[in-house]
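[1] Need a 3D model of the following:
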Amino acid sequence: MVIRQLQITVEWQSIEWLDLAACRDSDAATQQACRRCPVRAPCLAAAIAIDDPAQWRGGVTRDERIVLWEQLETAFQNLRDLEFTHLDRLVDGRSAG
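    Next comes the predicted model:
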């Protein structure tokens, strides 16, 4: 939700870390390649941000990335709702407690 709201896109060919990816010269990433890859974290972040359809990215399967995304959205919504509750209390003149 956060990334989608900001309309972030990733241009894969202009990402500096991509040259270091273990799967750079292969047809597709594999679990074994991801295990030895030095850029797992930025790869995973980019894959989540653009909803990459590849099976393996950042050492995580597509299904696992979907779960991670859903958890991120839930956390964002909970924090947003908490902030709205706090603002409502301030507007109503009540203590934020």
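[2] Just the mean pLDDT for the longest helix anywhere in the chain, thanks.
    Among the segments of the chain that qualify as a helix by DSSP state H, the longest is helix 62-92. When pLDDT is averaged along helix 62-92, the result is 87.
[3] now for it, which elements pack on it?
    For helix 62-92, the packing partners by 3 or more CB pairs under 8 Å, 6 or more residues apart in numbering; DSSP states H and E come out as helix 40-50. In this view, the C-beta of every residue, glycine as well, is placed from N, C-alpha and C.
[4] so after the helix it packs on, what's the next helix or strand?
    strand 56-57 (DSSP states H and E).
[5] which other helices and strands contact that next one?
    helix 31-35, helix 40-50.
[6] I'd like to know which of those lies nearest to W17.
    With CB to CB, the closest approach to W17 among these belongs to helix 40-50: 4.8 Å.
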